[in-house]
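Peer 1: mind folding the following:
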Amino acid sequence: MISTCRPKSVIASLFAAVILSGPCALAAPQGKMVLPDLTKGGGIPAGAEHDWTLGATGARGWMFSDKLETSDARQIAITKVEAGSPAEGVLAVGDVLLGVGGKAFTDDPRTEFGKALTIAESEAGKGGLSLIRWREGKQEKVSLKLPVLGTYSATAPYDCAKSKQILERGCGALEKLIGERGYKPNPIVRSLNALALLASGEAKYLPLVAKEAHWAADFSADGMQTWDYGYVIMLLSEYKMATGDDSVLPGLRRLALEAANGQSIVGSWGHQFAGDDGRLVGNGMMNAPGVPLTISLVMARAAGVGDPEVARAIERSARLLRFYIGKGAVPYGDHHPWIQTHEDNGKCGMAAVLFNLLDEPEGAEFFSRMSVASHGAERDTGHTGNFFNLLWAMPGVVQSGPHASGAWMEEFGAWYFDLARRWDGTFQHQGPPLAKKDSYRGWDCTGAYLLAYAMPLKKIWLTGKHAGKVPQLNQAEAKVLVGEGRGWSNKDRNSGYDSLSEEVLFGCLGSWSPVVRERAAMALARRGGDPVPALTTLLSSPQLEERYGACQALEQLKNSSAPAVSALRKNLKHEDLWLRIKAADALAQIGDAAMEALPELLEILARGPSPEDPRGMEQRYLNFAVFGKMLRQSIEGVDREALRAAVVAGLKNQDGRARSEVGGIYRKLSYEEVRRLEKDLRAHREAKGLQAHIERLGKLIKTLESTTETVELRSIQ
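Peer 2: Take a look at the predicted model:
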């Protein structure tokens with residue numbers, strides 16, 4: 001089980017409930033928006049079109065946002081009021097809300113409004129929502145009457161009457177929506193809505209689900225197939241396993257084989273299926289569609305698709321994803337583990353579900369813990385939007401048990417979900433706190449949210465029917481885990497950790513969380529002083545995480561870490577692959593004082609991938625460390641035979657970026673060395689990616705021979 005050491009566990013008590021933030025590749029209106037006072041003639045800034053569902057009130061409102069947060073706002077401008085809703089007759093477009101629950105907004109109106117909704121819907125709240133309304137120069141208190149749904153339990157959605165009511169009301173709304181003429185949402189939304197009805201376990205919804213399953217059995221797509229196929233195959237697989245309806249099996253098998261055969265030769269998917277040569281086109285490897293595709297193939301196999309191509313695709317993909325266990329969030333593509341935040345577009349939640357279905361508890365546990373620690377604005381954002389970050393939150397969290405889900409809901413899920421739930425029981429995509437709407441604007445998210453509330457029923461694999469083996473957290477452990485996700489925001493990345501004592505920061509270096517370790521390492525580097533002796537001691541710790549953390553801190557300290565070179569070199573011989581990589585990363589940042597380690601690093605590179613590392617991940621990272629940093633400026637004094645062997649081996653790596661780093665030294669080689677290197681590469685031309693480097697070297701040789709008599713390539717400008 002993932003352990004939590006005492007010094008860093010106090011993060012939960014030292015940090016306030018800080019709203020986290022994460023990356024989001026969406027543009028705001030040009031120029032910095034100025035916070036308007038809507039009661040003194042200010043208006044919503046031009047281009048700031050993103051407004052919010054205000055829960056079960058039936059109203060929508062605009063809030064000022066900056067750097068992916070709404071924490072600077074103190075007003076909500078009403079932009080819409082639905083007919084027949086609780087807000088009708090009380091609120092109107094143009095009204096400005098200045099507070100809720102009898103108090104003015106003081107922190108973040110979005111979270112304050114969401115939490116007030118949760119209280120209002122409880123038995124104690126009796127459905128009353130008190131608002132401070134400003135209208136045409138007059139400020140007054142008004143009240144809305146909302147349905148009483150109850151109080152979230154300490155283990156919500158488990159043993160939770162409110163969660164049960166939300167699920168039932170939402171499924172009733174979905175039944176009407178799906179039954180409407182012309183119902184044709186995008187394939188992801190359509191699949192999730194049907195899955196939610198299936199997850200309810202209610203027999204009355206089966207005819208509708210059957211209709212949707214037969215739509216899915218006939219589904220096909222030409223572009224961006226990978227995004228749709230995963231969710232369509234999930235629907236078909238779950239339906240087949242839940243009902244035994246064999247009529248959808250031919251369609252399921254067709255889709256599963258198309259997906260399996262559309263995988264790249266290394267086990268990845270991109271925006272589209274791979275070409276006939278087994279290589280991805282366009283943006284390369286993308287895990288956001290790739291992990292759901294893998295989950296769907298696991299389900300398809302369980303539903304009766306026994307073709308070997310499917311089993312091969314599952315194992316190839318799982319092999320790629322296993323690398324990230326213990327190292328960070330599953331990244332965008334074939335990249336370094338993501339350690340800026342605990343989640344990256346929902347892929348930790350996806351991976352937790354996947355490894356649970358594969359009966360691999362180590363991976364399921366790690367990625368579930370990452371999911372639990374991801375909340376606040378970190379969960380609230382994502383690449384091109386936060387749809388998948390929210391969709392896969394609860395499926396990942398619940399792998400760690402009811403106390404984990406309860407703690408996560410108390411921290412974030414309760415207010416966020418209640419704010420997103422409309423007065424008719426449906427959910428519409430909210431998006432991240434940006435001025436502009438994101439790529440998923442207008443998406444119906446009812447099915448996505450209802451799947452979270454359906455977890456206790458365990459009616460389908462996606463909601464827990466396949467029993468897991470992940471150790472279940474108790475209440476105290478869950479609260480500590482949630483606490484470890486605090487202390488960082490996109491508006492303020494440093495002060496939370498900078499406020500911690502040095503003792504606590506050193507404790508954080510031994511955290512199970514690579515994110516906590518990195519934040520502590522950066523704080524120690526900012527602090528000054530001389531932490532290197534203590535960090536050097538940690539490099540011989542019996543706890544692997546402490547060694548990781550020490551390497552991360554020494555990497556941040558750069559050339560100040562020179563006294564640790566000897567201890568770092570010892571870790572290059574450790575049996576743990578990731579520790580060897582982190583030690584090499586730290587050495588590469590130190591500079592001249594670490595050049596004594598270069599012969600060892602070149603030797604490791606020349607050995608190539610081991611049976612335990614078939615994709616050559618250690619070699620990949622060493623390419624970046626050695627060729628991208630240590631030899632970037634000069635190769636003077638470097639043993640040429642060792643260098644040549646490392647270059648030839650490094651150029652065989654699967655990763656194109658790693659091979660490109662190796663190519664950076666060509667202009668530092670002599671004419672004779674370039675000729676010999678070209679000859680060596682021709683002897684290994686069958687290796688992926690070598691032909692481009694052979695051609696590149698050939699062009700350089702021709703340029704030399706035709707332009708100068710000098711035999712040193714470095715003289716060519």
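
Peer 1: quick one: pLDDT of Ile581?
Peer 2: On pLDDT, Ile581 comes in at 97.

Peer 1: how close does it get to Ile635?
Peer 2: 22 Å (C-beta to C-beta, to the nearest Å). Where you see a C-beta, it was placed from the backbone N, CA and C, and this is true even at glycine.

Peer 1: of those two, which one has the most company?
Peer 2: Just comparing Ile581 and Ile635: by other C-beta atoms under 10 Å the higher neighbour count belongs to Ile581, 24 against 18.

Peer 1: quick check, that one in contact with Asn623.
Peer 2: No. Ile581 lies out of contact with Asn623 (C-beta atoms under 8 Å); the separation is 11.2 Å.

Peer 1: please enumerate the shared neighbours of the two.
Peer 2: The overlap between the contact sets of Ile581 and Asn623 (C-beta atoms under 8 Å, 6 or more residues apart in numbering) is empty.

Peer 1: and stretch 654-674, which residues are buried?
Peer 2: 654-655, 658-663, 665-666, 668-669, 671, 673-674 (16 or more other C-beta atoms under 10 Å).

Peer 1: take these and keep only those in helices.
Peer 2: Of those, the ones assigned to helices by DSSP state H are Ala658, Arg659, Ser660, Glu661, Val662, Gly663, Tyr671, Glu673, Val674.

Peer 1: among the residues you listed, which two are most distant?
Peer 2: Ala658 and Tyr671 (25.9 Å; C-beta to C-beta).

Peer 1: please put the alpha-carbon coordinates of stretch 353-363 into CSV.
Peer 2: Below are the C-alpha coordinates for stretch 353-363, written out as CSV (Å, rounded to 0.1, in the frame of the first residue of the first chain):
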residue,chain,number,x,y,z
VAL,A,353,-10.0,2.0,-14.0
LEU,A,354,-7.9,0.2,-16.6
PHE,A,355,-5.4,-1.4,-14.2
ASN,A,356,-8.3,-2.4,-11.9
LEU,A,357,-10.0,-4.2,-14.9
LEU,A,358,-6.6,-5.8,-15.7
ASP,A,359,-6.3,-7.1,-12.1
GLU,A,360,-3.1,-5.1,-11.6
PRO,A,361,-3.6,-3.4,-8.2
GLU,A,362,-0.3,-1.6,-8.1
GLY,A,363,-1.2,0.6,-11.0
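
Peer 1: list the buried residues for that stretch?
Peer 2: Under 16+ other C-beta under 10 Å, the buried positions of stretch 353-363 are Val353, Leu354, Phe355, Asn356, Leu357, Leu358, Glu360, Pro361, Gly363.

Peer 1: can you give me the end-to-end distance of stretch 68-79?
Peer 2: 21 Å (C-alpha to C-alpha, to the nearest Å).

Peer 1: can you classify Ser610 as helix, strand or coil?
Peer 2: The three-state assignment at Ser610 reads coil, by DSSP: H, G, I helix; E, B strand; the rest coil.

Peer 1: what's around it, how many residues?
Peer 2: When neighbours are counted by other C-beta under 10 Å, Ser610 comes out with 11.

Peer 1: can you tell me the closest non-neighbouring residue to it?
Peer 2: Glu618 (7.8 Å; C-beta to C-beta, 6 or more residues apart in numbering).

Peer 1: and that neighbour, what does it touch?
Peer 2: Here Glu618 is in contact with Leu577, Arg580, Ile581, Ile604, Pro609, Ser610 (C-beta under 8 Å, 6+ apart).

Peer 1: burial count for Ile178?
Peer 2: Neighbour number of Ile178 under other C-beta under 10 Å is 20.

Peer 1: does it really touch Ser191, like I thought?
Peer 2: No. Judged on C-beta under 8 Å, Ile178 makes no contact with Ser191 at a distance of 11.7 Å.

Peer 1: can you pull the residues that touch both of these two?
Peer 2: With contacts defined as C-beta under 8 Å, 6+ apart, the residues shared by Ile178 and Ser191 are Glu212.

Peer 1: next one: Lys437 from Val34, what distance?
Peer 2: Taken as C-beta to C-beta, the span from Lys437 to Val34 is 20 Å.

Peer 1: show me which of the two is the more surrounded one.
Peer 2: More crowded of Lys437 and Val34, by other C-beta under 10 Å: Lys437, with 17 against 10.

Peer 1: backbone dihedrals for the residue nearest to that one when sequence neighbours are not counted, please?
Peer 2: Nearest in space to Lys437, with sequence neighbours left out and distances taken as C-beta to C-beta, 6+ apart, is His50 at 5.0 Å. Note on His50: backbone dihedrals following degrees, to the nearest 10 are phi -80, psi 110.

Peer 1: how about the CA coordinates for stretch 326-340, as PDB?
Peer 2: Output of stretch 326-340 as PDB, limited to C-alpha atoms (Å, rounded to 0.1, in the frame of the first residue of the first chain):
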ATOM      1  CA  GLY A 326       4.800   5.700  -9.400                       C
ATOM      2  CA  LYS A 327       6.300   8.400 -11.600                       C
ATOM      3  CA  GLY A 328       3.500  10.900 -12.300                       C
ATOM      4  CA  ALA A 329       0.200  11.400 -14.100                       C
ATOM      5  CA  VAL A 330      -0.200   9.800 -17.500                       C
ATOM      6  CA  PRO A 331       0.900  12.700 -19.800                       C
ATOM      7  CA  TYR A 332      -0.500  14.100 -23.100                       C
ATOM      8  CA  GLY A 333       1.400  11.700 -25.300                       C
ATOM      9  CA  ASP A 334       4.700   9.800 -25.300                       C
ATOM     10  CA  HIS A 335       6.200  12.300 -22.800                       C
ATOM     11  CA  HIS A 336       7.800  12.700 -19.400                       C
ATOM     12  CA  PRO A 337       5.400  11.800 -16.600                       C
ATOM     13  CA  TRP A 338       3.300  14.800 -15.700                       C
ATOM     14  CA  ILE A 339       4.200  16.100 -12.300                       C
ATOM     15  CA  GLN A 340       2.900  19.700 -12.300                       C
END
